[in-house]
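Trainee: quick one, fold the following:
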Amino acid sequence: MATGSSGQAGRRICIHLGVQKTGSTSIQRHLALNEAALADRLVLRLPVEGGPLRPLGRAAVAFSLSRDDASRAALAEAIAVVRENLPDGDLPVLLSHENLAGAMPGNGGETGLFPGLPDIIWMLEEGFSGLTVDYVVYSRRMGQWKPSVWAQAVRTDGYKGTWEAFQAETATLPGWQNLIRRIQAVAPGRVTHLRLEDEIDPAHPGALLLAHLGLNAGEIAALHPLDGRSMQRLPDATTEFIRRLNGLAMNPHARYKVAELAARVPQLFNPDYRPAAGEAAGRH
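Mentor: Modelled structure (predicted):
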């Protein structure tokens, strides 16, 4: 049962902002796998199909790219829908969506380090007023993060530039502490900075986030382990194919379909690949 935007004064809302390419998908998969086991400790809100967090993530990205009145109103409405659909009770709520940070470099012409995030947090503060809100941001070593962001921008955001072009566009990108200082200014004392490199157990991604929410090491270790990594970077040849595809005058829906096909069967771009007999027969 939804509560509406009133009531639940003081209830804790922890918002995992991502950012993109810092293990968010693996964290969310692990949380979803253990939702029943965590049900007496946390209310989870993840970006699942048909849920209110996907529209919220899209609205946050759109707002970060324009920050005009229309996108501001759309973001406020998306936040209100999430709040109105919180269940009754006093369990803490964890919202997790990497797109709450806004557009990453390479998406929609963005070249900065989430310049719209402080404004997004202002909107979240307003939308969840009366509740006890805190924020978690993961980071990753820049030398690993930037290539991963470039490859993801090519794959999902239609980015057309080469890795060299992306490096030039983001050459003046500041470090993570710059971002943390900017968002701490909006929510002083309520921003926790976690580092992906400190997540030591790949079978239990998000252990630091769960510890932040009050679970102890034994409780985290007892959760069902996650099998396999999420959203691994594609081989270079596949990324290059999609990058060139992005430069063609195609219907965006068609481009997306071809890019997803390429992502599902990256072995097709390996010059040494030879289909098995069963695969070849399946074409007829």
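
Trainee: tell me, how many neighbours does Leu194 end up with?
Mentor: Leu194: 20 surrounding residues under other C-beta atoms under 10 Å. Every C-beta, even on glycine, is put in place using the N, C-alpha and C of the backbone.

Trainee: middle-most residue in the protein, spatially?
Mentor: Glu98 (2.1 Å; C-alpha atoms, centre = their mean).

Trainee: which SS class is the closest residue to that one other than its chain neighbours?
Mentor: Excluding the flanking residues, the one nearest Glu98 by C-beta to C-beta, 6 or more residues apart in numbering is Gly18, at 3.0 Å. Gly18 falls in the coil class when you classify it by DSSP: H, G, I helix; E, B strand; the rest coil.

Trainee: confidence score at Gly18?
Mentor: For Gly18, the pLDDT comes out at 94.

Trainee: quick one, domains of the protein?
Mentor: Per the record's domain assignment (automatic domain parsing), the chain is made up of the domains 12-221, 236-271.

Trainee: for the shortest one, measure first residue to last.
Mentor: I take that to be domain 236-271. Counting by C-alpha to C-alpha, to the nearest Å, you get 12 Å between the two ends of domain 236-271.

Trainee: in the stretch 101-250 of the chain, which ranges drop under the pLDDT threshold?
Mentor: Along the stretch 101-250 of the chain, segments meeting pLDDT under 70 span 228-232.

Trainee: just the strands in it please.
Mentor: Here the stretch 101-250 of the chain has its strands, by DSSP state E, counting those that start in this stretch, at 132-139, 191-195.

Trainee: where along the stretch 51-200 of the chain do the helices fall?
Mentor: Residue ranges of the helices in the stretch 51-200 of the chain, as given by DSSP state H, counting those that start in this stretch, are 53-66, 69-84, 117-127, 142-157, 163-169, 176-184.

Trainee: need those in TSV with distance to Arg12 and mean neighbour count, can you?
Mentor: Output for the helices of the stretch 51-200 of the chain, formatted as TSV (distance: least, C-beta to C-beta, whole Å; neighbours: other C-beta atoms under 10 Å):
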stretch	distance to Arg12	mean neighbour count
helix 53-66	17	21
helix 69-84	14	17
helix 117-127	14	19
helix 142-157	29	19
helix 163-169	38	15
helix 176-184	18	16
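
Trainee: can I get the domains of the chain in TSV with distance to Asp227?
Mentor: Shown next, in TSV, are those (distance: least, C-beta to C-beta, whole Å):
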stretch	distance to Asp227
domain 12-221	8
domain 236-271	19
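
Trainee: who are the contact partners of the closest residue to Glu77 other than its chain neighbours?
Mentor: What sits nearest to Glu77 in space, not counting adjacent residues and going by C-beta to C-beta, 6+ apart, is Ala59, at 7.6 Å. Contacts for Ala59 (C-beta atoms under 8 Å, 6 or more residues apart in numbering) come out as 71, 74-75, 77-78.

Trainee: how does it look with 6 Å?
Mentor: Shown in contact with Ala59 (C-beta atoms under 6 Å, 6 or more residues apart in numbering): 74-75, 78.

Trainee: looking at those residues, which is nearest Leu124?
Mentor: Of all the contacts of Ala59, Leu75 has the smallest distance to Leu124: 9.0 Å, by C-beta to C-beta.

Trainee: list the contacts of the closest one.
Mentor: So Leu75 contacts 59, 63, 123 (C-beta under 6 Å, 6+ apart).

Trainee: columns distance to Ala9 on top of those, output as JSON lines?
Mentor: What follows is the contacts of Leu75, written out as JSON lines (distance: C-beta to C-beta, whole Å):
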{"residue": "Ala59", "distance to Ala9": "25"}
{"residue": "Phe63", "distance to Ala9": "27"}
{"residue": "Met123", "distance to Ala9": "20"}
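
Trainee: distance check, the residue nearest to the centre of the chain against Ala73.
Mentor: 23 Å (C-beta to C-beta, to the nearest Å).
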